[in-house]
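Visitor: Predicted structure and sequence below. I'll ask about it afterward.
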Amino acid sequence: MALKKNRACTLKVGQIEKNPILALTTNEKDVEKYQRVTKTFGNVVPAIVGQSGNAYRILAGQARLEACAQNGIQEMPVAIAEISDEAEQLKLALLLSTVREEGGSLSEGAFIDALITRHGITRKELMTLLKKSKSWISKRQSLVLNLSDAVKGMVKDGVICARTAEEIAKLPKRVQVSFAQKVARDSLSKTNVGQLVSLYRSQENDSVLRETILDFPQVVLDTYPTNSTSRQKEKRGLAERIAGNIGFIIRLAHELKGLLAQADKDNLSMLSTHLGELCKSLVDLNTILDIVGTGVSPGKLQGGAS
């Protein structure tokens with residue numbers, strides 16, 4: 001395919017027609033973003049237009065065009081795609097709408113960190129410039145400072161979203177990749193991940209729970225249920241949930257064995273009621289395991305007995 005010849009120039013805003021299709025997704029927030037750019041730095045962001053005779057129609061950059069019009073800017077830089085056929089113009093507009101902009105969560109974080117650490121720009125100045133909260137700025141910067149390179153790659157590739165990555169960045173780097181992979185595998189929401197990270201970081205929780213969070217995050221969510229976890233439980237098969245719970249119980253059993261070995265008579269006396277309840281539960285579980293060992297479903301036995 002021959003390369004198209006295009007040219008850059010400056011057009012009067014009134015010469016450029018708005019695109020009714022792009023108007024479907026152009027909102028006032030997008031316009032406001034470009035208004036801030038033009039007010040601060042002038043009209044530095046070109047749009048892409050198609051030409052048919054003496055008419056020009058916007059193919060990419062409708063929010064920029066609207067921002068210029070609202071700010072009273074008379075001219076704007078454009079790249080004119082030398083395509084007169086309407087179908088070809090629509091193809092180009094569609095293709096451009098699917099291309100991700102250079103900006104993104106990781107780039108935003110890197111820009112923020114460079115401005116703060118290398119140029120002494122304050123967070124307050126950035127809050128005014130971006131119209132964002134201090135928390136948003138700190139979270140974006142944390143993606144650069146605290147997120148491991150491998151997880152950054154997952155964000156870049158769209159495997160996990162930026163908001164989820166902001167939660168993962170609160171974990172030690174050495175555990176982030178494995179945890180992020182399970183988050184992606186189980187399609188955990190940002191809320192789910194935030195809950196797990198909070199549990200991991202809590203000083204009240206022991207190493208066994210932390211390891212279980214990293215290895216079996218969905219099992220922990222099942223154990224500490226919230227309204228946001230019900231859909232996740234439905235997505236997982238019964239065998240997968242059983243396997244996860246077995247792993248959880250084995251970890252807890254090893255931990256409990258070690259703790260009981262350290263307990264003296266006074267401790268054991270204080271725990272007699274709890275130990276008795278544990279023994280009953282283990283007997284019930286052992287009965288079920290014996291039935292399962294015969295290849296018969298305990299549920300079917302109960303159904304037959306009734």
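Guide: Everything's here; your move.
Visitor: and Gly247, how many residues sit next to it?
Guide: Neighbourhood size, Gly247 [other C-beta atoms under 10 Å]: 14. Yep, even glycine has a C-beta here, placed from its N, CA and C like the rest.
Visitor: what's the nearest residue to it if we skip its chain neighbours?
Guide: Phe216 (5.5 Å; C-beta to C-beta, 6 or more residues apart in numbering).
Visitor: any low-confidence regions in the stretch 151-300 of the chain?
Guide: 225-237, 240-241, 244, 248, 251, 296-300 (pLDDT under 70).
Visitor: all helices for it, in order.
Guide: Here the stretch 151-300 of the chain has its helices, by DSSP state H, counting those that start in this stretch, at 162-168, 173-185, 190-201, 207-215, 217-223, 230-235, 238-262, 265-270, 272-293, 298-305.
Visitor: will you turn these into JSON lines that also has distance to Val49?
Guide: Converted to JSON lines, the helices of the stretch 151-300 of the chain look like this (distance: least, C-beta to C-beta, whole Å):
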{"stretch": "helix 162-168", "distance to Val49": "31"}
{"stretch": "helix 173-185", "distance to Val49": "39"}
{"stretch": "helix 190-201", "distance to Val49": "38"}
{"stretch": "helix 207-215", "distance to Val49": "51"}
{"stretch": "helix 217-223", "distance to Val49": "49"}
{"stretch": "helix 230-235", "distance to Val49": "44"}
{"stretch": "helix 238-262", "distance to Val49": "53"}
{"stretch": "helix 265-270", "distance to Val49": "79"}
{"stretch": "helix 272-293", "distance to Val49": "69"}
{"stretch": "helix 298-305", "distance to Val49": "66"}
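Visitor: how is the protein carved up into domains?
Guide: What automatic domain parsing lists as the domains of the chain is 7-98, 102-146, 161-262, 264-298.
Visitor: Could you dump those into TSV and include distance to Lys152?
Guide: Shown next, in TSV, are the domains of the chain (distance: least, C-beta to C-beta, whole Å):
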stretch	distance to Lys152
domain 7-98	23
domain 102-146	6
domain 161-262	8
domain 264-298	43
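Visitor: For the nearest residue to Lys12 once chain neighbours are set aside, list the residues it contacts.
Guide: Nearest residue to Lys12, sequence neighbours excluded (C-beta to C-beta, 6+ apart): Glu75, at 5.6 Å. Taking C-beta atoms under 8 Å, 6 or more residues apart in numbering as the criterion, Glu75 is in contact with Thr10, Leu11, Lys12, Val13, Asn43.
Visitor: Tell me which of the helices of the stretch 151-300 of the chain lies nearest to Leu24.
Guide: Closest of those to Leu24 is helix 162-168, at 24.8 Å (criterion: C-beta to C-beta).
Visitor: Could you list every helix and strand in contact with that closest one?
Guide: Helices and strands touching helix 162-168, by 3 or more C-beta pairs under 8 Å, 6 or more residues apart in numbering; DSSP states H and E, are helix 105-119, helix 134-146, helix 149-156, helix 173-185, helix 190-201.
Visitor: Hey, what's the angle from the second one to helix 173-185? Just curious.
Guide: Relative orientation of helix 134-146 and helix 173-185, computed by axes from the mean of the first three to the mean of the last three C-alpha atoms, to 10 degrees: 110 degrees.
Visitor: Equivalent analysis for the third one, please.
Guide: Here the directions of helix 149-156 and helix 173-185 differ by 30 degrees (the same axes, to 10 degrees).
Visitor: Give me the contact list for helix 149-156.
Guide: Helix 149-156 is contacted by residues 104-106, 143, 147, 160-162, 165, 168-169, 176-177, 180, 184 when judged by C-beta under 8 Å, 6+ apart.
Visitor: Which pair in those residues has the greatest spatial separation?
Guide: Gly104 and Val177 (20.1 Å).
Visitor: middle-most residue in the chain, spatially?
Guide: The residue lying closest to the centre of the chain (C-alpha atoms, centre = their mean) is Cys161, at 2.4 Å.
Visitor: In contact with that one: list those residues for me.
Guide: With C-beta under 8 Å, 6+ apart, Cys161 has these contacts: Val155, Lys190.
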